[in-house]
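Enquirer: attaching a predicted model along with its sequence, questions to come.
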Amino acid sequence: MATANPGMGQITGNVLFYSTPEPLSVDLHKDLGVKSLTGPFKFAKEGHAVPLTVTEFGPYSLCGPIIFVGEDKIPLAVMGLNQGQNMYLRDDGMFEAGTYVPAYIRRYPFVFATDNNAGQMVLCIDRSAEFIVPKAQADQLFFDAEGKPTEYTQNCINFCNDYEVERQRTQSFVQLLKDHDLFETKTATFTPTNPDNTPGEPQVIAEYFGVSETKLNALPQDQYIALRDNGALAQIYAHLVSLAGWERMIALALARSAPQAANA
């Protein structure tokens, strides 16, 4: 569990969206707070793939693909087809209606980081966040007059603690998939249409790891039932269903590019 940090230590690591993380400290941030913005998610405009916890697989499966990447098989919510372009985020800093916003985005500007001096996780804020302002402009302060975290800050601390629990649960879920050797390499492709309306050459949009339905169906009955009973099977199928979202994203990209081509 984490709380506001009384001092400032050295932190390490690069985290998506966070350019200037600082340990939350009454010494550094007693005169700061946050202001409300009509478009609070502008910081996520370059988040075309965002970390997702396993309990979020169900709601996000209705929005887009859920993939696994890297040696650690980190689950990501795909939010765009092109590097640095979140297709679901409007120019005004709001998500398209009906889009599930991952908790990773909702916790911003708070994040955990490693304090090298103390050897533990500390709660940080991204000092570069647009909505962190001097207290005279703030709608919510980080600390009260006694130097204690405000109700707003405490709620954010609780949210980040809950997120950390879900992150660890996600790691256990991924390890379970590894233990059952359920991963395989997958590709998402797109076949464009030539000017003469004939199919063009297929183009690879993404390569990633996903659960193999063949391997899943080949599991011994007792292992399959165990996955069902511990809740993992439902999350696996949410991931598999989500992969149909590639077609939705391609269709959305084509629909958005059509007016631009017509105006060119």
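Expert: Sure, I can see it.
Enquirer: name the residues that touch the helix or strand hosting Phe57?
Expert: Assigned by DSSP states H and E, Phe57 belongs to helix 57-60. Helix 57-60 is contacted by residues 52, 66, 75, 77, 100, 102, 234-235, 238-239, 242 when judged by CB atoms under 8 Å, 6 or more residues apart in numbering. All C-beta atoms are positioned from the backbone trio N, CA, C, and that covers glycine.
Enquirer: what's the most distant pair in those?
Expert: With distances taken as CB to CB, the most widely separated pair in the contacts of helix 57-60 is Pro102 and Ala234, at 18.4 Å.
Enquirer: so which of these two has more stuff around it?
Expert: Neighbour comparison, Pro102 and Ala234: the larger count goes to Pro102, with 21 against 14 (by other CB atoms under 10 Å).
Enquirer: so how far is Gln175 from that one?
Expert: 21 Å (CB to CB, to the nearest Å).
Enquirer: report how many residues lie close to Glu151.
Expert: Glu151 is surrounded by 10 other residues when neighbours are defined as other CB under 10 Å.
Enquirer: again, but for Tyr224
Expert: Other residues within reach of Tyr224, judged by other CB under 10 Å, total 15.
Enquirer: got the contact list for the one helix or strand it maps to?
Expert: Secondary structure assignment for Tyr224, by DSSP H and E: helix 221-229. The list of residues contacting helix 221-229 from outside it, by CB under 8 Å, 6+ apart, reads 176, 180, 216, 219, 233-234, 236.
Enquirer: PyMOL command for the buried members of those residues?
Expert: Those of the contacts of helix 221-229 that count as buried under 16 or more other CB atoms under 10 Å are selected in PyMOL with:
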select buried, resi 176+180+216+236
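Enquirer: dump the contacts of helix 221-229 to CSV, plus distance to Gln120, secondary structure and pLDDT.
Expert: Rendered in CSV, the data for the contacts of helix 221-229 read as follows (distance: CB to CB, whole Å; DSSP: H, G, I helix; E, B strand; the rest coil; pLDDT from 0 to 100):
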residue, distance to Gln120, secondary structure, pLDDT
Leu176, 27, helix, 97
His180, 33, coil, 98
Leu216, 38, helix, 98
Leu219, 39, coil, 97
Leu233, 35, helix, 98
Ala234, 34, helix, 97
Ile236, 33, helix, 98
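Enquirer: just name the closest of the contacts of helix 221-229 to Arg248, please.
Expert: Closest approach to Arg248 among the contacts of helix 221-229 (CB to CB): Ile236, at 20.4 Å.
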